[in-house]
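Enquirer: pasting the structure only:
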């Protein structure tokens, strides 16, 4: 399974539009065919270079198994759920490093189940619920400097 964006390539700079310095909207993402038996997807975007430890920017879970893309400025609707980011919001928060160049990882997980968690679940709760259910995963990394 591969995860790509038409807005930037792996290891390249994320355009300002998708950051706190721009429109702060989510970038378009797409993935190819997952393995058989997928019941849902989870997407986690985080920044491991944040000064206080990994900063969670965007968490989506229970993405439909037939989905193969998320459009720019994606607005989730049921049954897709949104986890709580490090700002304490159930929403996308774009790159906004205090200094230097940071790496932003978008990780897509194909699961053999759906997650029985409430909206606003933490990344740790989602990772725990996913344990033993990951069929495949894909990663896209972009960088950003304010």
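Expert: Arrived safely. Predicted model only: the values in this text are computed from it and were never measured.
Enquirer: Now do the strands in this protein.
Expert: For the chain, the strands defined by DSSP state E occupy 3-4, 29-31, 40-47, 55-63, 69-70, 81-82, 101-111, 134-145.
Enquirer: Residue 123 is nearest to which of those?
Expert: strand 55-63 (5.1 Å; C-beta to C-beta). For every residue, glycine as well, the C-beta is placed using N, CA and C.
Enquirer: Who does that closest one pair with, and is each partner parallel or antiparallel?
Expert: Sheet partners assigned to strand 55-63 using DSSP bridges are listed as strand 40-47 (antiparallel), strand 81-82 (antiparallel).
Enquirer: Would you tell me which of those strands gets closest to residue 92?
Expert: Of all those, strand 40-47 sits nearest to residue 92, with 7.7 Å by C-beta to C-beta.
Enquirer: Pull the distance from the closest one to the chain's centre.
Expert: 3 Å (C-alpha atoms, centre = their mean, to the nearest Å).
Enquirer: relative to strand 101-111, how tilted is that strand?
Expert: 170 degrees (axes from the mean of the first three to the mean of the last three C-alpha atoms, to 10 degrees).
Enquirer: pLDDT of strand 40-47, averaged?
Expert: Strand 40-47 carries an average pLDDT of 98.
Enquirer: Please consider this matter closed, and thank you.
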